[in-house]
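Asker: build me a structure from this.
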Amino acid sequence: MYKSHNRIQFNSLQFNDREDLQVLIDGPYGAPSQHIFEAEHAVLIAAGIGITPFASILQSIMCRYRNRRHKCPNCEYIWDNPESEELCLKKVDFIWVTREQRSLEWFISLLAQMEIEQQRLRQNSDKGSLLEVHLYVTSAQSQADLKALNVYLSLDLIGRENSANCDAVDGIRQRTKHGRPDWDQVFTELLCQKKGKISVFYCGPPSLSAELTTKCRQYGFAYKKELF
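Answerer: Numbers count the residues shown, from 1 in each chain. Here you go, the predicted structure:
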């Protein structure tokens, strides 16, 4: 017996001379990320290849953000529909901790395009950013090492191709840091934003999850994880 949509279906299996055999089926279970859109202030933390499931989630957030915006045809003033059922989020902070430079290169273009689109949607609006991106490159020991990485070159190229939106690209550059995050500092800054109840969603190795579990408990943040 299994449930499919709104109806229960039955499958019968026949086993010769095995009338005592029991088959138990449980699930399916949703991923922790499915609760992101129910949060007020979502903090998405990815480590290494944990970035993979967040790529489509970030694109979905931007799509819903776009649909929530309304523009006056006369004065071009832009406002949000706060009662939008598609997107209840007030703020999203995306934090990616990675060692590999190549990991950054394939994703940096998508992040930059999101920043550019967000800047365009915010024109003539009195609202702040919905999405902020924070990158940490652990293989870089100093800011000088960070500048030598191709991620800065990639941002420069994107900035030149989108000269009208270079501020958005500069924003990512300024939020790209060397070393590992100081989680006490990061979480304190999140609290200072005062964007509602904070929910942390993590995807990555168990080692960092253990530290985040302790920190979220300390700061009173909801915490959901998906380990790789």
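
Asker: doesn't Leu212 fall inside a strand?
Answerer: No: counting by DSSP: H, G, I helix; E, B strand; the rest coil, Leu212 is not found in a strand; it is helix.

Asker: surely it touches Val186?
Answerer: No: applying C-beta atoms under 8 Å, one finds Leu212 not in contact with Val186, separated by 10.4 Å. Where C-beta positions appear, they are placed from N, C-alpha and C, glycine not excepted.

Asker: higher neighbour count, these two?
Answerer: Neighbour count, other C-beta atoms under 10 Å: between Leu212 and Val186, Leu212 has more, with 20 against 16.

Asker: and the more buried one, what does it touch?
Answerer: Ile45, Trp183, Val200, Tyr202, Tyr223, Lys225 (C-beta atoms under 8 Å, 6 or more residues apart in numbering).

Asker: got JSON lines for those, with distance to Gln118 and secondary structure too?
Answerer: Shown next, in JSON lines, are these (distance: C-beta to C-beta, whole Å; DSSP: H, G, I helix; E, B strand; the rest coil):
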{"residue": "Ile45", "distance to Gln118": "20", "secondary structure": "strand"}
{"residue": "Trp183", "distance to Gln118": "26", "secondary structure": "helix"}
{"residue": "Val200", "distance to Gln118": "22", "secondary structure": "strand"}
{"residue": "Tyr202", "distance to Gln118": "23", "secondary structure": "strand"}
{"residue": "Tyr223", "distance to Gln118": "26", "secondary structure": "strand"}
{"residue": "Lys225", "distance to Gln118": "27", "secondary structure": "strand"}
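
Asker: using JSON lines, please lay out the residues you listed together with pLDDT, neighbour count and distance to Val23.
Answerer: Formatted as JSON lines, those follow (pLDDT from 0 to 100; neighbours: other C-beta atoms under 10 Å; distance: C-beta to C-beta, whole Å):
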{"residue": "Ile45", "pLDDT": "96", "neighbour count": "25", "distance to Val23": "39"}
{"residue": "Trp183", "pLDDT": "97", "neighbour count": "18", "distance to Val23": "45"}
{"residue": "Val200", "pLDDT": "97", "neighbour count": "24", "distance to Val23": "38"}
{"residue": "Tyr202", "pLDDT": "96", "neighbour count": "24", "distance to Val23": "35"}
{"residue": "Tyr223", "pLDDT": "96", "neighbour count": "20", "distance to Val23": "35"}
{"residue": "Lys225", "pLDDT": "91", "neighbour count": "19", "distance to Val23": "31"}
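
Asker: let me have those residues in TSV, extended by distance to Arg64.
Answerer: Output for the contacts of Leu212, formatted as TSV (distance: C-beta to C-beta, whole Å):
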residue	distance to Arg64
Ile45	21
Trp183	28
Val200	20
Tyr202	22
Tyr223	23
Lys225	23
